[in-house]
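Undergrad: Okay, sequence plus prediction incoming.
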Amino acid sequence: MAGQRLPVPRLEGVSQEHFLQHLYPQRKPVVLEGIDLGTCTSKWTVDYLSKIGGGREVKIHVAAVAQMDFISKNFVYRTLPFDKLVQRAAEEKHKEFFISERVLMLFFFGMFKDEKYYLRSLGEDPRKDVADIRKQFPLLEGDIKFPKFFKEEQFFSSVFRISSPGLQLWTHYDVMDNFLIQVTGKKRVVLFSPRDAQYLYLSGTKSEVLNIDDPDLAKYPLFSKARRYECSLNAGDVLFIPALWFHNVISEEFGVGVNVFWKHLPSECYDKTDTYGNKDLTAASRAAQILDRALKTLAELPEEYRDFYARRMVLHIQDKAYSKNFE
């Protein structure tokens, strides 16, 4: 099992002033209850969404297992009319499957359980445009209100998400602040502090540890040291996820969510080619490239010297780069 478990605080009726003055500066997750989100929490039923979305084609993730892994890509991409996606994701049993060869193999070995669907909305041209539910699904715009806890010019994207029951997204971080609005259904969210990054076995922005509830501690022994923050989100709840906080999400029921990302740093800090909000800041990317060059230079030394100077570099980073209150 993972290490210390801590509940994410839940607060009701938080005003903009209270959030900005007292909660936001703490840079910790918090669940906000009772926020005015408009009529979406009651209107966005399967029938309503199917009618409003219609036959617009969307690109979705399809997985034959519940735990999706973006590192090994244990899923496939498929294109489906939006109304068909909503109906498939909401139904308990499927009559048709996308992953036919995979399904047959899993049936043969007695492993197949079901096929899971996941939509993460995209911009018109994902290479250039960010997702914004108000642009990609304009007929839904009038139903939802975003929490007005940041300036309009800070807005980056609003991502529409639909998940099959039981689907689990990989543990990852984003570089922008984020409100996860749970419109319908129920989710479990597990978060890890940025200061526990050394325990999460990172590959880029993602953790290699897929099963966070029963991790393979022989393979990932340091994961037991990670402090785990956990909450359940019901319809109408809003989870504040500060930038760099790792999060792992399980859809306990069929549900719809909207993530609202905003830039809390000056725009020049962010990668201009980033349309997802998950590319490291430009200064961080430059620093990583410099470090890679330094390590290649150290590789020219004999092992004894390479080990010695590498340790000196680590100590120098700890002394100069870590914050004063680093734990």
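TA: Received it, and whenever you're ready, just let me know what you need.
Undergrad: Distance from the chain centre to stretch 257-273, please.
TA: Distance of stretch 257-273 from its chain centroid, counting by CA atoms, centre = their mean, to the nearest Å, is 14 Å.
Undergrad: So for it, first residue to last residue, what's the gap.
TA: The first residue of stretch 257-273 is 25 Å away from its last residue (CA to CA, to the nearest Å).
Undergrad: And the contacts of that stretch?
TA: In this structure, residues lying in contact with stretch 257-273 by CB atoms under 8 Å, 6 or more residues apart in numbering are 133, 144, 146-147, 150, 154-161, 163, 174-183, 185, 187, 243, 277, 279-283, 285. For every residue, glycine as well, the C-beta is placed using N, CA and C.
Undergrad: Which ones among those map onto strands?
TA: 155-161, 163, 177-183, 187 (DSSP state E).
Undergrad: Now a PyMOL select for only the buried ones of those.
TA: The buried subset of the ones in strands among the contacts of stretch 257-273, as determined by 16 or more other CB atoms under 10 Å, is captured in PyMOL by this line:
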select buried, resi 156+157+158+159+160+161+163+177+178+179+180+181+182+183+187
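Undergrad: Could you single out the nearest of the ones in strands among the contacts of stretch 257-273 to Met313?
TA: Of all those, Met313 sits closest to Asp177, with 31.6 Å by CB to CB.
Undergrad: Who does that closest one form a beta bridge with?
TA: Beta-bridge partners for Asp177, by DSSP bridges, are Trp262.
Undergrad: how close does it sit to Glu208?
TA: Counting by CB to CB, to the nearest Å, the gap between Asp177 and Glu208 amounts to 25 Å.
Undergrad: ends of stretch 65-81, how far apart?
TA: The first and final residues of stretch 65-81 sit 22 Å from each other (CA to CA).
Undergrad: Nearest spatial neighbour of Leu210, chain-adjacent residues omitted?
TA: When the adjacent residues along the chain are set aside, Leu210 lies closest to Gln67, with 4.8 Å between them (CB to CB, 6 or more residues apart in numbering).
Undergrad: Can I take it that Val86 is in a helix?
TA: Yes - with the criterion set as DSSP: H, G, I helix; E, B strand; the rest coil, the secondary structure at Val86 is a helix.
Undergrad: and the gap between it and Val46?
TA: In this structure, Val86 and Val46 are 6 Å apart, going by CB to CB.
Undergrad: Those two - which one has more neighbours?
TA: Val86 (27 against 16; other CB atoms under 10 Å).
Undergrad: Pretty sure that one sits against Leu49.
TA: Yes - using CB atoms under 8 Å, Val86 is in contact with Leu49, at 4.9 Å.
Undergrad: so where's the protein uncertain?
TA: 1-3, 99-113, 323-327 (pLDDT under 70).
Undergrad: Swap in 50 and give it another go.
TA: Scanning the chain for pLDDT under 50 picks out 1-2, 104, 107-108, 110, 326-327.
Undergrad: Spell out the residue ranges of the helices in it.
TA: Counting by DSSP state H, the chain forms helices over residues 16-18, 40-43, 46-53, 82-90, 100-108, 133-136, 282-298, 303-320, given from the N-terminal end onward.
Undergrad: Kindly present those as JSON lines, with separate columns for distance to Asp125.
TA: Supplementary listing: these in JSON lines, determined by distance: least, CB to CB, whole Å:
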{"stretch": "helix 16-18", "distance to Asp125": "34"}
{"stretch": "helix 40-43", "distance to Asp125": "26"}
{"stretch": "helix 46-53", "distance to Asp125": "20"}
{"stretch": "helix 82-90", "distance to Asp125": "18"}
{"stretch": "helix 100-108", "distance to Asp125": "30"}
{"stretch": "helix 133-136", "distance to Asp125": "12"}
{"stretch": "helix 282-298", "distance to Asp125": "22"}
{"stretch": "helix 303-320", "distance to Asp125": "39"}
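Undergrad: Just the closest of the ones in strands among the contacts of stretch 257-273 to Leu140, please.
TA: Using CB to CB, Phe160 is the member of the ones in strands among the contacts of stretch 257-273 that sits closest to Leu140, with 7.9 Å.
Undergrad: Give me the neighbour count for the residue nearest to the closest one when sequence neighbours are not counted.
TA: Counting by CB to CB, 6+ apart, Ser121 is the residue found nearest to Phe160 once chain neighbours are left out, at 3.9 Å. Here the count is done by other CB under 10 Å, and Ser121 has 22 residues near it.
Undergrad: Please report phi then psi for Ser121.
TA: phi -60, psi 150 (degrees, to the nearest 10).
Undergrad: ok now do it, which residues does it touch?
TA: By CB under 8 Å, 6+ apart, the contact set of Ser121 is 58, 131, 133, 136-137, 159-161.
Undergrad: Same question for Leu80.
TA: With contacts defined as CB under 8 Å, 6+ apart, the neighbours of Leu80 are 57-58, 60, 88.
Undergrad: Out of those, the closest to Phe223 would be?
TA: Taking CB to CB as the measure, Ile60 is the one of the contacts of Leu80 closest to Phe223, at 30.0 Å.
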